[in-house]
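>>> Predicted coordinates and the sequence they were generated for:
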Amino acid sequence: MHSLQFAQISLWRTANWGVADGERAVKEAIEIARACKARGIRTVYHPLEYPLANEHASQTVDVMRRLAAAADLGIIIHDEGGVGRKRLPAEEEATFEQNLREISSFCHVSVENSFNSSDVTWFWERFAVPTSGDVSITLDIGHLELAGIDSIAFVRNMPQHLIDHTRFVHMHHHNELELRGIKDHWPLLPECREIEALKILLKRKRDVWVILELDAAEDGMRQSIELLKNL
């Protein structure tokens, strides 16, 4: 068992692998946050498949408003785009910006690279940096590697103002093999590229919240936690 001081609460709008989805997921996420608060555990929400720019945007804003009422450290959302990993069309870009501004008036919001890590610097510059609200960056180092990006070089060359905007870091290892149908949420390994990239980030900005995101057996979780604790 590991003593928790901080936890990420993920919830899915549409899930099909035996976890809560939809309204049930929202209610459970709020209850989990309240239970964590009672135990002195800080939390951040991580809603998945809750877009801000398409036909589900109004529903997303309503859900975010409810989560914000129970939020401690805020909400992590994903970058978004169009077909073929292209940037959002102009109308959807404006909708995303408007909804991001509204949600960030409720609570802190952090924008994670997930949809297109190869273009996320533009996305952060467009939305996370200039938005007139409480908005930061979540750097998912595992997603960089999954996208074929050298995470060590990416972090080393990241503009300082984007480093300064970074609040959360998602850590998991990319592997060409699949674990439960995915390649990028494997346990961390000593001297893996993700660990080396995190070391560089911590030299540039120490006050970040590091979140371990794994689909792993207990041994893999334990090893990953120990690797992070020793940084």
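Sure, I can see it. Residues are numbered from 1 along each chain as shown.
>>> avg pLDDT for stretch 140-151?
Looking at stretch 140-151 alone, the average pLDDT works out to 96.
>>> could we number from 19 for the rest of this?
Got it, first residue is 19 now, which makes that one stretch 158-169.
>>> in the chain, which spans are strands?
Listed in chain order, the strands found in the chain under DSSP state E are 24-30, 60-66, 93-96, 127-130, 153-158, 184-189, 227-230.
>>> now the ones you listed as CSV including distance to Arg144?
Glycine gets a C-beta too; all of them are placed from N, C-alpha and C. Supplementary listing: the strands of the chain in CSV, determined by distance: least, CB to CB, whole Å:
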stretch, distance to Arg144
strand 24-30, 25
strand 60-66, 21
strand 93-96, 14
strand 127-130, 10
strand 153-158, 11
strand 184-189, 16
strand 227-230, 24
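>>> Mind checking those for the one nearest to Ile170?
Shortest separation from Ile170 across the strands of the chain is recorded for strand 153-158, at 12.8 Å, computed as CB to CB.
>>> Any idea which helix or strand in this protein has the lowest mean pLDDT?
Among the helical and strand segments of the chain, the one scoring lowest on mean pLDDT, DSSP states H and E is helix 236-247, with a mean of 84.
>>> what does that helix rub up against?
The contact list for helix 236-247, computed with CB atoms under 8 Å, 6 or more residues apart in numbering, reads 20, 189, 204-208, 213, 216, 228, 230, 232, 234.
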